[in-house]
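Trainee: build me a structure from this.
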Amino acid sequence: MQPTHFYAITMLAAGVGIPILAALNAQLGVRLGSPVAAAVVLFCVALAGSVVVLLVHGARPILALPTVPRHLLLGGLLVAFYILSVTFIAPHFGLGNAVFFVLLGQLISAAVIDHYGLFGARVTPISAMRLGGISMMAAGVFLTQKV
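Mentor: Below you'll find the model as predicted:
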C-alpha cells in the first residue's frame, strides 16, 4: 500500500470516529449527569491508550518535551474545548448539527492554515475550487438548519 493511500484511509477512519466519539461521549455525559465528568473519563481513557502506544513505539521522544515551545501544547486545550463543547451541546443541538458545524469550522481553518503555511503546514493557496467547496459545505449546513 502506498503511503498516501494509508494516510487517506487512516484519516477517513479518524473522520468516521469523530461523530461516533461525539455520540458516545454525549450519551456518557447524559448518563453520568455531567458532561464535564464524561470529558474527564474520555481523557483518562485516551491518556491510557496513548501511553500504551507510546510505550510500544518507544517512550524516549517524550524526553524532549521540556525543549518544545510552550505554544505547541495549546493543542491539548483545543481538544478539551472540542470534547467539552460537543459533550454539552450535541444532546441539545443534535449530533448531526454539531458535527456539521465542527466540520465547517475545520474546513475553513484548514484552508487558512494551509494558505498561509501557519504552524509549519505546507503552503497550499486557497483556490476558487477550494472556496467553492467550502461554500457548498456552508450552504449544506445552512440547509440542514432550515429543515
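
Trainee: CA atoms for contacts and neighbours, from now on please.
Mentor: Will do.

Trainee: same for whatever helix or strand Val79 lives in, what does it pack against?
Mentor: Using DSSP states H and E, Val79 falls within helix 74-93. For helix 74-93, the elements it packs on are helix 3-32, helix 35-57, helix 95-116, judged by 3 or more CA pairs under 8 Å, 6 or more residues apart in numbering; DSSP states H and E.

Trainee: who touches that helix?
Mentor: Identification of contacts with helix 74-93 by CA atoms under 8 Å, 6 or more residues apart in numbering yields 22-23, 25-27, 29-30, 35-36, 38-39, 97-98.

Trainee: got a winner among those residues for most neighbours?
Mentor: Ala26 (27 neighbours; other CA atoms under 10 Å).

Trainee: which residues are contacting the worst-scoring helix or strand of the chain on mean pLDDT?
Mentor: Taking mean pLDDT, DSSP states H and E as the measure, the helix or strand of the chain with the lowest value is helix 128-146, at a mean of 85. Residues from elsewhere that reach helix 128-146, judged by CA under 8 Å, 6+ apart: 97, 100-101, 104, 107-108, 111.

Trainee: show me what counts as buried in that helix.
Mentor: By neighbour count on 16 or more other CA atoms under 10 Å, the buried set for helix 128-146 is 134, 137-138, 141.

Trainee: I'd like to check the angle between it and helix 95-116, please.
Mentor: Going by axes from the mean of the first three to the mean of the last three CA atoms, to 10 degrees, helix 128-146 is angled at 160 degrees with respect to helix 95-116.

Trainee: got the domain ranges for the chain?
Mentor: Recorded structural domains for the chain (assignment: automatic domain parsing) are 1-93, 94-147.

Trainee: which residues of the protein score low on pLDDT?
Mentor: Applying pLDDT under 70 to the chain flags residues 147.

Trainee: tell me the contacts of Ala39?
Mentor: Ala39 makes contact with 25, 29, 80, 83-84, 87 under the criterion CA under 8 Å, 6+ apart.

Trainee: cheers, nothing more for now.
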